[in-house]
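1. whatever this is, show me its structure:
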Amino acid sequence: MAKFGELIGVEKPVLIEFCANSNAAQNKINTLSSVAATLGKNAKVIKINVNENKALIDALDVQKTPTFMIYKKGEMQWRQTGLQDHKTLIGLVLNYV
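-> I've put the predicted structure just below:
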């Protein structure tokens, strides 16, 4: 959990996708790669596997995947469960730059 605090405690926005291993995982990776490439140094983009991070998932009450969150300065700014396209995610993150 301390490591998670370090990840989200930065000045720039942090977009996190909580996901599970699936056949659709490659599509999600491509979406996140596109978001990360577009945002560049303006934001951090992170993917967290729910199956490998049970304590964190329980602490954040992630019930379904994918769940997206945006943090800034350690505080959650936005949260949504369900698929999101890269344009939507980029627009959302840019609100917090």
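
2. what's the spacing between the nearest residue to Arg79 once chain neighbours are set aside and Ile46?
-> Among residues not flanking Arg79 along the chain, Met69 sits closest, at 4.8 Å (CB to CB, 6 or more residues apart in numbering). (C-beta placed from N, C-alpha, C; glycine too.) Look at Met69 and Ile46: by CB to CB, to the nearest Å, they are 10 Å apart.

3. pull up the overlap in contacts between the two.
-> With CB atoms under 8 Å, 6 or more residues apart in numbering applied, the overlap between the contact sets of Met69 and Ile46 consists of Leu15, Ile16.

4. looking at these two, which is more packed in?
-> Met69 (20 against 16; other CB atoms under 10 Å).

5. where does the more buried one sit: helix, strand or coil?
-> Going by DSSP: H, G, I helix; E, B strand; the rest coil, the secondary structure assigned to Met69 is strand.

6. now do the contacts for it.
-> With contact taken as CB under 8 Å, 6+ apart, Met69 is in contact with Leu15, Ile16, Phe18, Leu60, Met76, Trp78, Arg79.
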